[in-house]
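> Provided below are the primary sequence and the corresponding predicted coordinates.
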Amino acid sequence: MEIWIARHAEPDYEHDSITEKGEREAKLLAQRLSKQSFAAVYCSPMGRAQKTVSYTLEKIKMKPTVYDWLHEFRGNVILDGEITHCWDRKPSYWCNIYDYYSYDKWLDVDLMQSDNVPQRYEEVCKGIDELLEKHGYIHNGRTYDVVKPNKDKILLFCHFGVEAVILSHIFGISPMPLWHNFVALPSTVTRIVSEEREEGTATFRCMYFGDVSHLYAGNEEPAFAARFCEVFTDDTRH
């Protein structure tokens with residue numbers, strides 16, 4: 001089977017929607033996705049994802065199933081008495097804690113235990129496991145038991161933070177390097193496919209991550225959202 005993950009278009013965070021540029025991106029994304037045949041579409045409940053997916057749904061004539069666990073990842077930590085997102089840590093901190101690179105240890109770091117990260121992470125892991133089981137693939141340790149082999153394509157519309165969590169669980173890797181060393185820009189596409197090299201057992205492989213080719217094909221520059229300054233002297237996001 002194939003899992004296609006689309007991030008929402010350029011966000012208007014204030015109104016939980018998308019910008020005018022985001023609408024252009026969403027239309028180009030819809031044009032690309034409409035060339036595929038999807039068995040099902042799943043979507044975050046947030047407005048920016050709902051608005052983005054609407055252009056694709058109009059073309060493919062499908063209705064999505066909305067899952068709350070596809071909401072932008074809501075794992076928080078408490079630092080100096082303040083509640084903040086777990087997935088925005090400076091390199092001087094997280095890169096020097098080796099447990100953050102371990103799938104089995106990253107959640108045990110004191111900061112990750114300070115609020116609701118373990119519960120929120122488990123929520124997403126349970127959600128994607130139940131979804132894949134519905135499509136015939138049951139999570140079993142680091143592999144999947146194949147109970148219904150198929151070549152179905154499913155489409156998820158969500159957010160970069162939760163996308164990294166989904167991929168970390170499917171691949172058995174920590175989400176910290178995914179959050180900080182990778183970036184899925186607005187309206188990009190990630191595609192992963194199952195491989196059943198041994199009968200009855202599958203793993204997944206990433207064919208591409210955060211692809212923006214549909215934007216360039218439409219002469220639309222990718223948005224900057226989710227990136228940080230390329231050099232420190234930039235007046236862009238630090």
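Nice, thanks for sending it over. Numbering: from 1, shown residues only.
> how distant is the longest helix along the chain from the center of its chain?
In the chain, assigned by DSSP state H, the helix with the most residues is helix 117-134. Taking CA atoms, centre = their mean, to the nearest Å, one finds the center of helix 117-134 at 13 Å from the center of the full chain.
> and the closest residue in space to E72 that isn't next to it in sequence, what does it touch?
In this structure, E72 finds its nearest non-sequential neighbour in H159, 4.0 Å apart by CB to CB, 6 or more residues apart in numbering. For glycine as for every other residue, the C-beta is placed from the backbone atoms N, C-alpha and C. Contact analysis of H159 by CB atoms under 8 Å, 6 or more residues apart in numbering lists 7-8, 44, 46, 48-49, 70-73.
> mind listing the strands for the chain?
When assigned using DSSP state E, the strands of the chain occupy the ranges 2-7, 11-12, 17-18, 40-43, 65-66, 76-79, 82-85, 137-140, 143-146, 153-158, 189-198, 201-211.
> sorry, back to before: which elements pack onto the longest helix of the chain?
strand 76-79, strand 137-140, helix 160-171 (3 or more CB pairs under 8 Å, 6 or more residues apart in numbering; DSSP states H and E).
> contact partners of the second one?
Counting by CB under 8 Å, 6+ apart, strand 137-140 makes contact with 1, 129, 132-133, 144-148, 194, 202, all of which sit outside it.
> what comes up buried for that strand?
Neighbour-count burial for strand 137-140, with 16 or more other CB atoms under 10 Å as criterion, is recorded at 137, 139.
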